[in-house]
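Chemist: Provided below for reference: sequence and predicted model.
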Amino acid sequence: MRAPNPGQSISVPLKAGPSITVTIINYRTAAMTIDCLRTVVDDMDRAAVAGQVIVVDNRSDDGSAEAIEAWIAGEARAVPMRLIRSATNSGYSGGHNQGMAAAPADHYLILNSDALLRPGFFAAMLKAVASDPGGRTGLIVPRLEGEDGVAQVNCFRFAGPGSEFIRGANTGPVTRLLSGRVVALDVAPPDSQIEWASFACILLDARMVAEIGPMDEGYFLYFEDAEYCLRARRAGWRIRRAPDAVAVHLRGGSGPVKALAKARKRAPEYYYRSRSRFLAQAHGRAGLWAANLAWHAGRGVAQLRRLTGRRPHPAAEHEAGDLWIGARNPTTTHRAEG
């Protein structure tokens, strides 16, 4: 199937059931994006989904947009596919907003380029949609797992002063004492516990998107999913799990922060700006400052390990100062590139 021109809209095939637009962002990950696309269209064909796939290239400028367009042009598929070349690197929110705006549907699957859908994914998602017709389920979360089949955590509580104290202290007794404030939930939590879910792979109801608006483009990368869930919950929309819908998350196509955190290396500035923006939107500016001070208090507790002859767990490089990035004007939008 030949890709339509960039300004050309796509007509969705007439099939039974709700329509789904899948949006994927490419940024210099052509081979990974094509692997992702292949699993998406294979399973959409398998489930006879009425839908289309939009890839937004966030100004890769490395030939990957051309490679993806060539792959799309060479595929004879029933599912329409299209690549949009963004004029700028508009980040995760901006890229997905472009994709959703280009192809209105009943539901939007937000998908990382480093995700692969297991067979039966769309059938399970559509079953979850059908279980709450006309209801207030706005976000449906699949099971995420690694290539080895081990489940990944993709449901969370909102960060705040309590969780930042835990993160600063990084000691078992504090974590156990304040376990109700730990951000990460279990791999299969009850729906009632989920405050936000990862947008590495998630299905959004178009009614909710129309009501609360698109993703906040003040976030370049990170925390945009937490903010969107916060906005949705405040508007009365619910988050549900669909554990029979399974996606493999390779964790290689979105951003470097998880790897940097594991190595205790310095995170990029845009991460801390996103953190400040979210904490202020969730808890007010006073809550943001309280969270920062709680982190520092936690670091003080961490130093008490020295009294028992043990070294405190190290924080990330420069984090004591970096977490104040954006604290003075947390809702100011800063555009990052790359």
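Modeler: Received, thanks. Remember, it's a predicted structure, so these values are computed and weren't measured experimentally.
Chemist: so how far is Arg157 from His107?
Modeler: 25 Å (C-beta to C-beta, to the nearest Å). For the C-beta atoms, the positions are set from N, CA and C on the backbone; glycine is no exception.
Chemist: Neighbour count for those two, which is higher?
Modeler: Per other C-beta atoms under 10 Å, whichever of His107 and Arg157 has more neighbours is His107, with 22 against 19.
Chemist: Count the neighbours of the residue lying closest to the more buried one once chain neighbours are set aside for me.
Modeler: In space, and not counting its chain neighbours, His107 is closest to Ile20: 4.8 Å by C-beta to C-beta, 6 or more residues apart in numbering. Residues near Ile20, counting by other C-beta under 10 Å, number 26.
Chemist: try Val40
Modeler: So Val40, with other C-beta under 10 Å, has 26 neighbours.
Chemist: secondary structure class for it?
Modeler: helix (DSSP: H, G, I helix; E, B strand; the rest coil).
Chemist: what's the next secondary structure element after the lowest-mean-pLDDT helix or strand in the chain?
Modeler: The weakest-scoring helix or strand in the chain, judged by mean pLDDT, DSSP states H and E, is helix 257-262 (a mean of 69). Using DSSP states H and E, the next helix or strand after helix 257-262 towards the C-terminus is helix 269-303.
Chemist: Please, where are all the helices along the stretch 101-250 of the chain?
Modeler: 121-130, 161-169, 172-177, 206-212, 224-234 (DSSP state H, counting those that start in this stretch).
Chemist: which strands and helices sit next to the last one?
Modeler: What that stands for is helix 224-234. Using 3 or more C-beta pairs under 8 Å, 6 or more residues apart in numbering; DSSP states H and E, the elements in contact with helix 224-234 are helix 91-102, strand 137-145, strand 196-197, helix 206-212, strand 238-249, helix 269-303.
Chemist: Tell me which other helices or strands the fourth one touches.
Modeler: Which is helix 206-212. strand 107-111, strand 137-145, helix 224-234.
Chemist: For Leu307, which of those is the nearest?
Modeler: helix 224-234 (35.8 Å; C-beta to C-beta).
Chemist: so how far is the closest one off the chain centroid?
Modeler: Chain-centre distance of helix 224-234: 11 Å, with C-alpha atoms, centre = their mean, to the nearest Å.
Chemist: so what's the residue nearest in space to the middle of the chain closest to, chain neighbours aside?
Modeler: Nearest residue to the geometric centre of the chain (C-alpha atoms, centre = their mean): Phe199, 2.4 Å. Leaving out its chain neighbours, the residue that sits closest to Phe199 by C-beta to C-beta, 6+ apart is Asp225, at 3.7 Å.
Chemist: ok, that neighbour to Arg305 distance?
Modeler: 33 Å.
Chemist: Those two: which is more packed in?
Modeler: Asp225 (23 against 15).
Chemist: Quick one: residues contacting that one.
Modeler: 196-199, 202 (C-beta atoms under 8 Å, 6 or more residues apart in numbering).
Chemist: Give me the contact list for stretch 273-280.
Modeler: 159-160, 218-224, 226-227, 230, 287-288, 291, 323, 325-327, 330-331, 334.
Chemist: who's in contact with Ile20?
Modeler: Here Ile20 is in contact with 44, 49-51, 105-109, 122, 125, 203 (C-beta under 8 Å, 6+ apart).
Chemist: if you set the cut-off to 7 Å instead, what comes out?
Modeler: 49, 51, 105, 107, 109 (C-beta atoms under 7 Å, 6 or more residues apart in numbering).
Chemist: Distance to Ala65 and mean pLDDT added to the helices and strands packed on helix 206-212, as a markdown table?
Modeler: Listed next are these as a markdown table, based on distance: least, C-beta to C-beta, whole Å; pLDDT from 0 to 100:
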| stretch | distance to Ala65 | mean pLDDT |
| --- | --- | --- |
| strand 107-111 | 18 | 98 |
| strand 137-145 | 27 | 98 |
| helix 224-234 | 23 | 98 |
